[in-house]
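Undergrad: got a structure for you, letters missing:
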DNA sequence: TTCTAGTATCTTACATTGCAAGATAGTGAT
DNA sequence: ATCACTATCTTGCAATGTAAGATACTAGAA
């Protein structure tokens, strides 16, 4: 899978998942991995960025299966940013898919 | 428009446009700008990369409207690479759109 | 006990790529 | 001459995904 395609999109996906319910990093990695390839080295730095930008807040929670989990929750600013990103993604992906279809259906 | 979304996608769009017919850089900038924002500083370095990788070949052609145009043409390797990219994009964008829909239709 | 596997978080160095800004130059109209 | 449009190119910068590795808790197997 082309790593470049994921730039920016991963951030949107994480925020969309957090908009549904709070999740911890390891959980996000596995959740997203069901849709497309992703690694921990992408998720943890991203979560740190979202925290710095004030788009998420965090809290720790004990676990019986291993070390404590760090849950992430979307803030109001995060909800706003997520909605903006999704709008842009929808416009962009629609434009790109349109171009691809037009250019491949008639093959020069 | 989120610049990150375009990473990798711009390359695919250029190759899709070149698969339809040969084009020159300035033309590509304006063609793509009708779909989404793009600048010359993105296109010319990209075309140079595609040339280095052997995905396109070039030829000069005089113009009555200004300086000579440098046309780009997809090579066989370029056609193969383009088709691979389009497959990956279709899989990826479908997965992302699916995730977004699922996470926003039920809003946590 | 020791080892392994699964769960969970974090950091560092690196590669890629889009963009702003600016340079260069030909054509043609004001 | 000056401006606008056409056309190409380069440089430095910013952003982000990835590999690779470190750390540490739990639980079962050898």
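TA: Good, I have the coordinates. If you're wondering where the values come from, they're calculated on a predicted model, not measured in any experiment.
Undergrad: what sits against the residue nearest to residue A:8 when sequence neighbours are not counted?
TA: Using CB to CB, 6 or more residues apart in numbering or on different chains and skipping residues adjacent in sequence, the residue nearest residue A:8 is residue B:4, 2.7 Å away. Placement of C-beta: from N, CA and C, glycine included. Shown in contact with residue B:4 (CB atoms under 8 Å, 6 or more residues apart in numbering or on different chains): A:7, A:8, A:9, A:11.
Undergrad: which parts of chain A sit against chain B?
TA: A:1-9, A:11-13, A:16-17, A:19-21, A:32, A:35-36, A:85-86, A:88-93, A:95-100, A:103-104, A:106-108 (CB under 8 Å from any CB of the partner chain).
Undergrad: for chain A, which helix is longest?
TA: helix A:76-105 (DSSP state H).
Undergrad: What is that one packed up against?
TA: Judged by 3 or more CB pairs under 8 Å, 6 or more residues apart in numbering or on different chains; DSSP states H and E, helix A:76-105 is in contact with helix A:9-20, helix B:9-20, helix B:76-105.
Undergrad: So is it next to DNA strand C?
TA: No - judged by CB under 7 Å from any atom of the strand, helix A:76-105 stays clear of DNA strand C, getting no closer than 10.7 Å.
Undergrad: between that helix and helix B:9-20, how many degrees?
TA: 20 degrees (axes from the mean of the first three to the mean of the last three CA atoms, to 10 degrees).
Undergrad: buried set for stretch A:20-38?
TA: The neighbour-count check on stretch A:20-38 (16 or more other CB atoms under 10 Å in any protein chain shown) flags A:22, A:23, A:24, A:25, A:26, A:28, A:29, A:32, A:35, A:36, A:38 as buried.
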